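J.: can't give you the sequence, but here's the structure:
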C-alpha cells in the first residue's frame, strides 16, 4: 500500500536558513511569511557544524531560539538531519568517512555529500548527532516532522572508498553465500575473471576500455541502493524510537536508489524537489519538446511512491551555482504554474526553495522568493497569490488523488542495467519520452509506475493500458504477472529487446522475447541496431494510421508469428526485411498484448493511441490545445479538473459544460481565453 502525506488542506511552506542571516531579520521574515499564508518552514539540514561545533560537544540553543520564535508566529517546522554536510573537524580527524572516485582519489572537505555510507565511523557519528538532535527538539511544539539527510545520492551516486569495497564484499557474501555462486552469477569464466578469494572482489575500478563486467556493474548499483537504504534506516529507526509522534520523510529522487523500497520500509511518505527550469539547461532535441512540462513525468514517478506527497523544494527563482548550472528567471506566472503542476500531480504540502537568496557560498545564484535586498519583487507577489489561492481551495483539494487509467512501467534492474548496456538503455529513454509526451499532448493522464517484487496484480488492474517498453531483464515471475494482467482485461504494450536477460543480466538461451514469447505469440527471427550502414526501416500500417515515411527507430526486430491468433498490425516497408512483421497484437483472455520490434517514436505512439481508442477523461468537459496540460484529482465523490497552460501565449479553450474556476470564482462557459502560464481549477461532476 502506497504511503501518502496526511494533510487537511493544501499547505504552503518555505526552506529557511536562519544561520545565514542576522537574528534581527527573523521576526520580520516570519511575519511576512504568515502574511503570504506560509505556515511551514524547513531548516537545519546543513547545520551539523553549529549543532556539534566540536566532537562530542553539542549546542542546540540556536535553533531552539528560532523554533521558539517560529512557534510564536504559528509556523510549523520540518527539521532535517544534518548528515549531508559533515563538519571540518570530522572529515579532518576521520578521513576514512570521505567518498572517493573510481580511481580511489578522495573527495575532500569543502562541498557537500562528500562522505560514504559504508564507513563504520561515519555511521556511528551520524547516529550520535541524530539521536542528540531528536532528544533536544522532539518535544518542541513547532516540530511536525523530520527529513532524513538531504537528497540521498545527489552530487554523486557512485561510491569507491575503501569502506565501500569492504561493504560490497559483505553484501555479496550475504547475497550469494559462496564464491561459486558469485562466479556463476557474474559469468567470471569469461576472460578468466574467476575469483578464488573474497579479497579479490572490488567495486568497479579503472580498467582497459572503461567497460566493467556487466553483471558486476548491475550488482554494484543494487549494492549502492541497499547501502543507502541501510544508512537511512539508522536515522529513521532513531527518530521512530525517540519521536514517534512525528512523520519521517526524505527528499529525492536520485540515481542508484530504490526509492520505492525506501518509502515502503522507512518513510511515512516521499518528498520531491521540483525544478522545472532545469529543462532550459538540458534542452531536448525532440520536435515539440515538453520542456518544463516534462517535470510532470518526474512528479508521476513520485506519485507511484506516495499518491499524496510533499514538495520539499519547489523552484521559486532562477537557479545556478557559481561554477555551473545557468538558467534564466522564471517568466511572470511560471512559479505559480509550476506550483499547480505539483499540486495536480499529488502535492499537498508545497515548500519553496528558499525564503531569501544566499549572499555567500556556492549557491549565491540559486535564487529564492526574496532577493538579496529583501524588498518586494514579483516572485514574492506570485507566491503570495498562491498562498491566497491555497486558502480558498486547500480544504477541497487535500487528500484527493490524481486519476489515470494509463501507465508507463519501469523497474530498477532494467534502468540500472541500461546505464551500461547501450543495446537497450537508450531505447527505454526514447520510448518513455515519446509515450509520455504524446499522452500529455492528447490530454490523457498517465502514471509512471515501478514494478517491484511486491507488485500485485490488483495494483496493475487499475490501469486499462500499461506500456512496458523495453524490459530486457524479465523473470518468469514477471512474465506470469504480465500474463495475468492481460488475461484479466488489460492492454499491454512491449517494445524491442524485451525479455532476453535473466536477473543476473545474462542472456537466455531461448528465443526472444524469452519468458513473454508465449504471451505475445511471437519470436524474434532477426534483429539489428540502427547504426552505420543499417538505416531504420519505414513502416507500413494498414488503415493509414501513420504519416508516410514513418520509420521504426532505434532497433529493428523482425518478428516471426508463432501463434495463429496473432494479428500483424504493421510491417517493415524497406530494408532487407521488407514485408516482415514489425508490430503484432494478440488477444489473450479478456485483454490484448502488443509487441513492437523497435523503440517508440511520437508518430507510432499516436497511432497506437488511436488504435486502442484512448481518449481524454476531460473530453466531455472541454477542448484544449496541446500546449495545455489537463488532469483530474478526485476523492469521495468530488473531482477537480486542473488546466495548466505551459505556453508563453494566450490559448483558447472551449468549455462544453458550465463550471466555475475555483481560484477566481469566475463562471466559465463556451469559448474562453486562457492567459500565458495560466492556471484554472474547476470542480466537475463525474459519472
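T.: Noted; the coordinates are in hand. As the structure is a prediction and not an experimental result, all values here were calculated from the model. Numbering: from 1, shown residues only.
J.: what's next to the helix or strand hosting residue 135, contact-wise?
T.: Under the criterion of DSSP states H and E, residue 135 resides in helix 120-137. The contact list for helix 120-137, computed with C-beta atoms under 8 Å, 6 or more residues apart in numbering, reads 44, 48, 51-52, 58, 60, 63-64, 67, 79, 81-83, 86, 90, 94, 96-97, 115-117, 143, 146, 163, 231, 234-235, 238-239, 242-243. Bear in mind the C-beta positions are built from the backbone N, C-alpha and C, glycine included.
J.: can you give me the helices in the stretch 201-350 of the chain?
T.: 214-242, 259-266, 295-303, 334-344 (DSSP state H, counting those that start in this stretch).
J.: Could you dump the ones you listed into a markdown table and include mean neighbour count?
T.: Formatted as a markdown table, these follow (neighbours: other C-beta atoms under 10 Å):
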| stretch | mean neighbour count |
| --- | --- |
| helix 214-242 | 20 |
| helix 259-266 | 20 |
| helix 295-303 | 22 |
| helix 334-344 | 25 |
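J.: Nearest approach to residue 529 belongs to which of those?
T.: helix 214-242 (16.7 Å; C-beta to C-beta).
J.: between the helices of the stretch 201-350 of the chain, which gets nearest to residue 484?
T.: Of all the helices of the stretch 201-350 of the chain, helix 259-266 comes closest under C-beta to C-beta, at 20.9 Å.
J.: ok, now which ones touch the residue nearest to residue 134 when sequence neighbours are not counted?
T.: Leaving out its chain neighbours, the residue that sits closest to residue 134 by C-beta to C-beta, 6 or more residues apart in numbering is residue 242, at 4.6 Å. By C-beta under 8 Å, 6+ apart, the residues touching residue 242 are 131, 134, 135, 138.
J.: Give me the number of neighbouring residues for the second one.
T.: Think residue 134. 21 (other C-beta atoms under 10 Å).
J.: which regions of the stretch 1-150 of the chain lie under the pLDDT threshold?
T.: Applying pLDDT under 70 to the stretch 1-150 of the chain flags the ranges 1.
J.: quick one: the helices in it?
T.: Under DSSP H, counting those that start in this stretch, the stretch 1-150 of the chain gives helices at 26-35, 48-51, 61-72, 88-93, 120-137.
J.: Please tabulate these in a markdown table, including the columns distance to residue 458.
T.: What follows is the helices of the stretch 1-150 of the chain, written out as a markdown table (distance: least, C-beta to C-beta, whole Å):
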| stretch | distance to residue 458 |
| --- | --- |
| helix 26-35 | 43 |
| helix 48-51 | 44 |
| helix 61-72 | 43 |
| helix 88-93 | 47 |
| helix 120-137 | 37 |
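J.: So for residue 299, which of these sits nearest?
T.: helix 26-35 (24.9 Å).
J.: what comes up buried for the lengthiest strand in the chain?
T.: The strand that spans the most residues within the chain, counting by DSSP state E, is strand 651-660. Using 16 or more other C-beta atoms under 10 Å as the test for burial, strand 651-660 gives 651, 653, 655, 659.
J.: Can you work out which other helices and strands pack against it?
T.: Under the contact criterion of 3 or more C-beta pairs under 8 Å, 6 or more residues apart in numbering; DSSP states H and E, strand 651-660 touches strand 622-623, strand 638-645, strand 667-674, strand 679-684.
J.: Let me know which of those strands is the nearest to residue 508.
T.: Comparing the helices and strands packed on strand 651-660 by C-beta to C-beta, strand 638-645 comes nearest, at 44.4 Å.
J.: Give the partner strands of that closest one in its sheet and their orientations.
T.: strand 628-635 (antiparallel), strand 679-684 (antiparallel) (DSSP bridges).
J.: Thought residue 102 was touching residue 205, still the case?
T.: Yes. Residue 205 is within contact range of residue 102, at 6.5 Å (criterion: C-beta atoms under 8 Å).
J.: Run through the residues that contact the residue lying closest to residue 647 once chain neighbours are set aside.
T.: Among residues not flanking residue 647 along the chain, residue 627 sits closest, at 3.8 Å (C-beta to C-beta, 6+ apart). Counting by C-beta under 8 Å, 6+ apart, residue 627 touches 645, 646, 647, 649, 651.
J.: residues near the second one, how many?
T.: Per other C-beta under 10 Å, the neighbour tally for residue 646 reads 23.
J.: Run through the residues that contact it.
T.: Residue 646 neighbours (C-beta under 8 Å, 6+ apart): 291, 292, 293, 337, 627, 628, 629, 677.
J.: For the last one, which three-state class applies?
T.: In other words, residue 677. coil (DSSP: H, G, I helix; E, B strand; the rest coil).
J.: Now, of the contacts of helix 120-137, which are buried?
T.: Using 16+ other C-beta under 10 Å, the buried members of the contacts of helix 120-137 are 44, 48, 51-52, 60, 63, 67, 79, 81-83, 86, 90, 94, 96-97, 115-117, 143, 146, 163, 231, 234-235, 238-239, 243.
J.: ChimeraX command to pick out the buried ones of the contacts of residue 646?
T.: Here is the ChimeraX command that selects the buried residues among these (16+ other C-beta under 10 Å):
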select :292,293,337,627,628,629,677
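J.: Including distance to residue 569 and pLDDT, could the contacts of residue 646 go into TSV?
T.: Listed next are the contacts of residue 646 as TSV, based on distance: C-beta to C-beta, whole Å; pLDDT from 0 to 100:
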residue	distance to residue 569	pLDDT
291	32	94
292	35	96
293	30	96
337	39	98
627	31	96
628	31	98
629	30	98
677	40	98
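J.: okay, the contacts of residue 646 in JSON lines with distance to residue 316 next?
T.: Output for those, formatted as JSON lines (distance: C-beta to C-beta, whole Å):
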{"residue": "291", "distance to residue 316": "19"}
{"residue": "292", "distance to residue 316": "14"}
{"residue": "293", "distance to residue 316": "19"}
{"residue": "337", "distance to residue 316": "13"}
{"residue": "627", "distance to residue 316": "24"}
{"residue": "628", "distance to residue 316": "23"}
{"residue": "629", "distance to residue 316": "21"}
{"residue": "677", "distance to residue 316": "15"}
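J.: what residues go with each domain of the chain?
T.: The chain is divided into the following domains under automatic domain parsing: 11-399, 406-611, 622-684.
J.: tell me which of the contacts of residue 627 is nearest to residue 190?
T.: Of those, the one sitting nearest to residue 190 (C-beta to C-beta) turns out to be residue 646, at 49.3 Å.
J.: hmm, back to that, with distance to residue 3 added, can I get the domains of the chain in a markdown table?
T.: Below are those laid out as a markdown table (distance: least, C-beta to C-beta, whole Å):
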| stretch | distance to residue 3 |
| --- | --- |
| domain 11-399 | 5 |
| domain 406-611 | 13 |
| domain 622-684 | 16 |
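J.: between those, which one is nearest to residue 2?
T.: Closest among these, using C-beta to C-beta: domain 11-399, at 5.5 Å.
J.: what about the closest one, distance to the chain center?
T.: 13 Å (C-alpha atoms, centre = their mean, to the nearest Å).
J.: First-to-last residue distance for that domain?
T.: 12 Å (C-alpha to C-alpha, to the nearest Å).
J.: For residue 494, which residues are in contact?
T.: Contacts of residue 494 by C-beta under 8 Å, 6+ apart are 468, 469, 470, 471, 513, 516, 520, 593, 594, 595, 596.
J.: partners of the last one in the sheet?
T.: Right, the one you point to is residue 596. residue 583.
J.: Looks like it contacts residue 492 (just checking).
T.: No. Applying C-beta under 8 Å, one finds residue 596 not in contact with residue 492, separated by 11.6 Å.
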